[in-house]
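S.K.: sequence unknown, structure follows:
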């Protein structure tokens with residue numbers, strides 16, 4: 001099928017997607033690639049009436065891949081996995097997919113990769129790479145899918161956010177709950193904030209009845225029947241299938257008991273209660289001593305059921321009035337909670353009512369005592385009829401618990417009001433008990449002054465300690481002269497987290513108080529400076545009676561950026577070189593290693609001896625080496641710490657060279673090879689003259705060098721700095737062949753030279769030759785000058801012979817120069833026979849070699 005070209009009449013034609021050719025003789029066209037179907041074999045031909053020229057080519061069409069990613073999470077065999085899919089679809093030819101983390105390939109220990117490909121009928125391919133890993137083994141937050149294809153100028157990259165492992169906050173709580181009318185121990189194990197959530201398993205005590213279990217994503221709960229599991233241990237185990245470490249929490253379920261059942265707020269002798277005939281409703285209160293969460297009380301009279309006018313309600317026996325003599329008798333009461341019981345027997349005697357005067361005033365008394373860390377103030381208005389009214393006058397904002405009750409005896413009423421408050425107060429306070437009665441002339445007031453606490457002294461101290469390369473701040477907070485109920489706590493302010501054992505810091509937290517008559521409380525914490533840098537640590541003292549908690553604070557020093565320096569140079573008084581890496585930082589001692597690189601890379605772990613100054617640390621790491629081992633190489637100081645921070649300092653060991661050593665004195669090449677030694681020069685020194693020097697120049701880039709010279713017999717010659725020095729008078733003994741070496745570490749260059757010491761006779765002959773040569777030159781100059789003047793005075797001007805002689809002489813005596821200058825210049829108007837000598841130069845060069 002013809003796609004484009006020219007018809008026989010010269011008109012162009014083209015199919016869709018093809019442009020018109022450039023000309024009849026140039027069939028170059030532009031093709032718009034719109035589909036993969038355009039791939040194939042194309043022919044181009046030029047036809048004429050006599051011949052046809054034809055050639056073919058194959059057009060290959062490639063298709064860019066469409067890149068997509070997908071993230072899923074799943075549980076396999078109890079392990080939480082994350083799966084990341086990266087697809088390159090509709091590509092031609094097949095695309096290549098691989099994975100990277102921060103430019104490096106993935107570790108096969110954590111990540112597994114499965115790549116599949118499929119093709120379509122239109123010869124395009126779909127390539128899918130699936131990356132799978134357990135979340136709990138992953139510490140990387142991002143992975144990159146890299147797709148390479150020949151239709152792409154550079155690889156396409158897609159970043160995918162990954163789930164990383166986060167340790168959970170685990171806890172175990174026990175509460176007593178009522179369910180379906182029964183009491184149960186509700187034990188809940190919780191793991192919050194973890195990624196992924198850990199598995200929670202239990203170690204249960206043996207029992208005939210399995211407890212009821214409730215499970216949620218982050219918590220497991222068991223309901224234990226109290227009567228079957230009292231005093232038993234219950235353990236929660238938090239763990240992950242792929243990690244060997246386990247976290248356990250254990251709680252011991254309470255053990256309950258009932259010690260006694262007794263009458264409360266009733267005065268009786270030998271268990272005898274006396275009631276009056278015809279009395280009103282009466283309540284007899286019973287008190288159960290023990291720690292059971294609840295109980296039931298059942299009572300009988302003389303071994304039979306209770307009279308119809310008597311009911312047991314909770315812990316009270318309600319006797320409805322009017323009271324009759326039929327209520328007299330022996331009563332038995334039993335308090336029970338499951339298998340725990342306690343009994344009480346008492347007698348009730350109903351007596352004839354004694355008629356008393358209509359009214360009579362109370363006897364008023366006030367008592368104050370201390371017990372179990374509290375102060376109790378009792379105000380009694382006793383033996384009055386009717387009952388007096390008892391109240392209190394308290395300071396403003398004063399919190400205290402008041403309990404009041406009324407008891408009857410022989411027709412009189414006694415009112416008891418009990419006020420309880422903390423062990424002491426922190427300022428002098430005055431209380432008043434106010435009693436009102438119709439037989440009193442106005443109100444009766446009884447003042448009481450409460451005891452004042454000693455001043456509390458709060459001390460907050462800190463100390464910096466280093467453990468395993470990490471700086472910790474030991475914070476100690478203590479308070480003196482505190483009541484037993486006082487508590488002291490450490491907390492933080494202006495900080496990203498409170499003081500607790502989390503993954504962000506290593507915290508050891510201890511608190512306590514003295515026993516019984518405690519006079520002090522304390523709390524301490526062991527805080528990582530790196531984790532709590534810049535935080536404010538607050539010590540809070542709480543005690544009932546304080547208007548507001550007492551507070552003291554200190555600030556954890558901020559951690560600044562570290563400083564590091566790397567220097568390379570030779571060691572003093574040693575043949576070694578050294579690279580010194582200095583690190584100055586705060587809060588943590590880093591690990592330092594050396595990376596030596598040129599074509600290969602070598603990593604050497606450095607031993608360090610840190611120097612501490614508070615939270616500051618100075619670390620020097622030294623790597624010693626011979627210069628030839630590392631010359632021209634890069635030395636990198638790699639500084640890393642446990643918090644993932646990394647810093648590099650790189651220095652290049654210079655590349656040195658000594659190319660040659662050159663003698664700066666005047667030298668003359670010496671013929672002969674002197675036992676195969678080349679470039680040997682001769683230097684002449686004056687005999688009997690002291691302090692003569694042969695000076696050298698060392699060619700190269702070394703910062704220093706050493707020069708040593710040796711005579712032909714191997715003995716050392718005296719050198720000072722860069723010169724060979726003949727300090728004594730020079731003699732024939734100093735003549736001979738010398739060898740001098742310039743060296744610096746392993747670099748070296750050598751020069752050879754012959755030292756000559758001429759004798760006095762040789763110098764005299766040389767002086768005579770010089771004088772004779774000079775005298776001969778002067779004589780020749782005078783002779784030529786006389787000849788010139790004589791010729792100028794002659795009259796023979798036209799003689800060719802004379803002119804040729806003059807020209808010859810002029811050519812001989814003129815200064816050598818170009819041929820144009822050497823031609824004689826003729827004065828204007830003169831004939832060729834006249835030649836004027838303008839300038840003559842006579843050069844006498846006498847050279848001699850000593």
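M.R.: Noted; the coordinates are in hand. Predicted, not measured: the structure shown is a model, and the values here were computed from it.

S.K.: Quick check, residue 522 in contact with residue 475.
M.R.: No: Residue 522 is not in contact with residue 475 according to CB atoms under 8 Å; the separation is 11.1 Å. Backbone N, C-alpha and C define where each C-beta goes, glycine included.

S.K.: Tell me how far residue 439 lies from residue 360.
M.R.: Per CB to CB, to the nearest Å, residue 439 is found 6 Å from residue 360.

S.K.: rewinding a little: residue 522 and residue 475 - which one has more neighbours?
M.R.: Neighbour count, other CB atoms under 10 Å: between residue 522 and residue 475, residue 475 has more, with 22 against 17.

S.K.: Shouldn't the more buried one be within a strand?
M.R.: Yes: per DSSP: H, G, I helix; E, B strand; the rest coil, residue 475 lies within a strand segment.

S.K.: which residues touch it?
M.R.: 460-462, 490, 524-527, 537, 554 (CB atoms under 8 Å, 6 or more residues apart in numbering).

S.K.: Could you do residue 193 as well?
M.R.: 166, 168-169.

S.K.: Now the one helix or strand residue 89 maps to: average pLDDT?
M.R.: Assigned by DSSP states H and E, residue 89 belongs to strand 79-91. For strand 79-91, the mean per-residue pLDDT is 89.

S.K.: how far does that strand sit from the chain's center?
M.R.: Relative to the centre of its chain, strand 79-91 is centred 31 Å away, using CA atoms, centre = their mean, to the nearest Å.

S.K.: and what of stretch 719-732?
M.R.: In terms of CA atoms, centre = their mean, the centre of stretch 719-732 is set 64 Å apart from its chain centre.

S.K.: now the end-to-end length of that stretch.
M.R.: 19 Å (CA to CA, to the nearest Å).

S.K.: how about the nearest residue to residue 227 once chain neighbours are set aside, phi and psi?
M.R.: Residue nearest to residue 227 in three dimensions, not counting chain neighbours: residue 338, with 4.1 Å by CB to CB, 6 or more residues apart in numbering. For residue 338, the backbone dihedrals (degrees, to the nearest 10) come out as phi 50, psi -120.

S.K.: pretty sure residue 338 is touching residue 228, no?
M.R.: No: taking contacts as CB under 8 Å, residue 338 lies outside contact range of residue 228: 9.4 Å.

S.K.: related to what we said a few turns ago, output the contacting helices and strands for the strand holding residue 89.
M.R.: Strand 79-91 sits against strand 66-76, strand 96-101, strand 125-134, strand 142-148, strand 156-161, with contacts defined as 3 or more CB pairs under 8 Å, 6 or more residues apart in numbering; DSSP states H and E.

S.K.: Could you rerun that using 7 Å?
M.R.: strand 66-76, strand 125-134, strand 142-148 (3 or more CB pairs under 7 Å, 6 or more residues apart in numbering; DSSP states H and E).

S.K.: want to throw the ones you listed into TSV with mean neighbour count, mean pLDDT and distance to residue 660?
M.R.: Output for the helices and strands packed on strand 79-91, formatted as TSV (neighbours: other CB atoms under 10 Å; pLDDT from 0 to 100; distance: least, CB to CB, whole Å):
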stretch	mean neighbour count	mean pLDDT	distance to residue 660
strand 66-76	12	88	63
strand 125-134	19	91	62
strand 142-148	18	92	54
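
S.K.: any chance of those strands in TSV, plus distance to residue 342?
M.R.: As requested, the helices and strands packed on strand 79-91 are exported to TSV (distance: least, CB to CB, whole Å):
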stretch	distance to residue 342
strand 66-76	53
strand 125-134	57
strand 142-148	67
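
S.K.: how about those strands, which one is nearest residue 395?
M.R.: Residue 395 lies closest to strand 66-76 among those, at 62.1 Å (CB to CB).

S.K.: Give me the contact list for the closest one.
M.R.: Contacts to strand 66-76, defined as CB atoms under 7 Å, 6 or more residues apart in numbering, come from residues 80-90, 145, 147, 156, 158, 160.

S.K.: What is the nearest of those to residue 111?
M.R.: residue 84 (9.4 Å).

S.K.: who touches the closest one in this structure?
M.R.: 69, 71, 131, 143, 160.

S.K.: how close does the first one get to residue 712?
M.R.: Just to be clear, that refers to residue 69. For residue 69, the distance to residue 712 - CB to CB - is 82 Å.

S.K.: In the helix or strand in which residue 330 is found, which residues are buried?
M.R.: Per DSSP H and E: residue 330 is located in strand 329-337. Neighbour-count burial for strand 329-337 flags 331, 333, 335-337 (criterion: 16 or more other CB atoms under 10 Å).

S.K.: where exactly do the strands run in the stretch 401-550 of the chain?
M.R.: All strands of the stretch 401-550 of the chain, identified by DSSP state E, counting those that start in this stretch, fall at 401-409, 412-422, 430-436, 444-449, 457-467, 470-480, 487-493, 508-513, 520-528, 536-542, 550-555.

S.K.: Would you mind getting the angle between the fifth one and strand 536-542?
M.R.: Computed with axes from the mean of the first three to the mean of the last three CA atoms, to 10 degrees, the direction of strand 457-467 lies at 140 degrees from that of strand 536-542.

S.K.: Now do strand 457-467: distance to the chain's middle.
M.R.: 25 Å.

S.K.: low-confidence ranges in the stretch 201-350 of the chain?
M.R.: Low-confidence segments of the stretch 201-350 of the chain (pLDDT under 70): 208, 241-245, 267-269.
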